[in-house]
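Peer 1: this is a predicted model, with the sequence first.
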Amino acid sequence: MRIPIAVVAIAALTGCSPADETDHKTTGNPTHAEPALTLETAAAGKWRDQANVARDKWRHPAQTLAFFGVNPRQTVIEITPGYGWYAEILAPLLRENGHYIAAVINPDSAIKDSAKSYYAKQYTALKHKLLASPSLYGNPEIRLFDEAKPTFGETASADVVLTFRNVHNWREADTVALMLKGIFEVLKPGGTLGLVEHRANDDGVDDASGYIGQTQLITWAGAAGFVLLDSSEINANPADNKDREGGVWRLPPAFSRGSKDREKYAAIGESDRMTLRFIKPETALSAVQ
């Protein structure tokens, strides 16, 4: 038996930093959803915050989730979902026959004290969103975890784990290997890790720009035991020249420079992103001990 919005304190992960781009809160009060949802109808749901919908041309939610093989009968864990941009789609999609789990960093475990209030704000906003309409969101679950010891649930209990624009934060916190190990353990053999991240022009980037080299990320995942199944250019943006001054945050939706060159950055659009689908092999030999 599931308890609506169960909050389970387990081990943690680092999500979008206070300087990172933030997803918008829901301003509406959704009341219902169609009884049977597909990826397309969930992504097109009238209950979605219009500020979130406006970003679909950059984030391509239906196509991205289809590429990751998400379907309504799965147990799906989203790692650090922010204010719930994808939760608005995933929770209704999984409401009837699946299970949506939001893995949220426990604010009390934040590696940086300055981030505690930020993580607490995200957690409160996400909880409020998912409690807004049980008829729409069903019985999703929020799991709190310790940032320095990330564990996301029982071993081999999830069909899919998703994470969007979080790996650069793991790198900054030096938790990449720990995060991937935790994800590997919670996935069933044959399960999917779906990952979207800001993509650097080269693989030598190791700074605070927010961009990561695609080959580097694939290497990290391989060291954790994952096998790359496929990559997609769904979320590519060739107009992004990866200017490190201001990093990804100079672009929308963050616009970290405020009004300075805002029209220029708005014309570029959101960051160029890699979209990678990994699998946990049926016979898994993880390199992470």
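Peer 2: Good, I have the coordinates. Because the structure is a prediction, the values reported are computed rather than measured. Numbering: from 1, shown residues only.
Peer 1: chain neighbours aside, what residue packs nearest to His238?
Peer 2: Quick fix: residue 238 reads Pro, not His. Spatially, and ignoring its direct neighbours in sequence, Pro238 is nearest to Asp272 (6.8 Å; C-beta to C-beta, 6 or more residues apart in numbering). C-betas here are computed from N, CA, C, even on glycine.
Peer 1: contacts only, for that neighbour.
Peer 2: 198-199, 235-240, 242 (C-beta atoms under 8 Å, 6 or more residues apart in numbering).
Peer 1: kindly report the same for Leu251.
Peer 2: Per C-beta under 8 Å, 6+ apart, neighbours of Leu251: 240, 265, 268-271.
Peer 1: you'd agree His168 is up against Ile212?
Peer 2: Yes: applying C-beta atoms under 8 Å, one finds His168 in contact with Ile212, separated by 5.5 Å.
Peer 1: these two: who's more crowded?
Peer 2: The neighbour comparison of His168 against Ile212 (other C-beta atoms under 10 Å) goes to His168, with 26 against 22.
Peer 1: where in this protein is pLDDT low?
Peer 2: Within the chain, the stretches with pLDDT under 70 are 1-35, 204-207, 284-289.
Peer 1: using PDB, write down the CA coordinates of stretch 180-195.
Peer 2: Extracted C-alpha coordinates of stretch 180-195, given in PDB (Å, rounded to 0.1, in the frame of the first residue of the first chain):
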ATOM      1  CA  LEU A 180      26.200   6.800 -10.400                       C
ATOM      2  CA  LYS A 181      26.900   3.900  -7.900                       C
ATOM      3  CA  GLY A 182      23.600   4.700  -6.100                       C
ATOM      4  CA  ILE A 183      21.700   4.800  -9.400                       C
ATOM      5  CA  PHE A 184      23.300   1.600 -10.600                       C
ATOM      6  CA  GLU A 185      22.300  -0.200  -7.400                       C
ATOM      7  CA  VAL A 186      18.600   0.900  -7.400                       C
ATOM      8  CA  LEU A 187      18.000  -0.100 -11.100                       C
ATOM      9  CA  LYS A 188      16.800  -3.500 -12.000                       C
ATOM     10  CA  PRO A 189      19.100  -5.500 -14.400                       C
ATOM     11  CA  GLY A 190      18.300  -4.300 -17.800                       C
ATOM     12  CA  GLY A 191      17.000  -1.000 -16.400                       C
ATOM     13  CA  THR A 192      17.600   2.400 -18.000                       C
ATOM     14  CA  LEU A 193      19.500   5.500 -16.900                       C
ATOM     15  CA  GLY A 194      18.200   8.400 -18.900                       C
ATOM     16  CA  LEU A 195      20.500  11.400 -18.700                       C
END
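Peer 1: how far off centre is that stretch?
Peer 2: 14 Å (C-alpha atoms, centre = their mean, to the nearest Å).
Peer 1: now swap in stretch 223-235 and tell me
Peer 2: That offset, for stretch 223-235, works out to 15 Å (C-alpha atoms, centre = their mean).
Peer 1: got the end-to-end distance for that stretch?
Peer 2: 25 Å (C-alpha to C-alpha, to the nearest Å).
Peer 1: what comes up buried for it?
Peer 2: 224-226, 232, 234-235 (16 or more other C-beta atoms under 10 Å).
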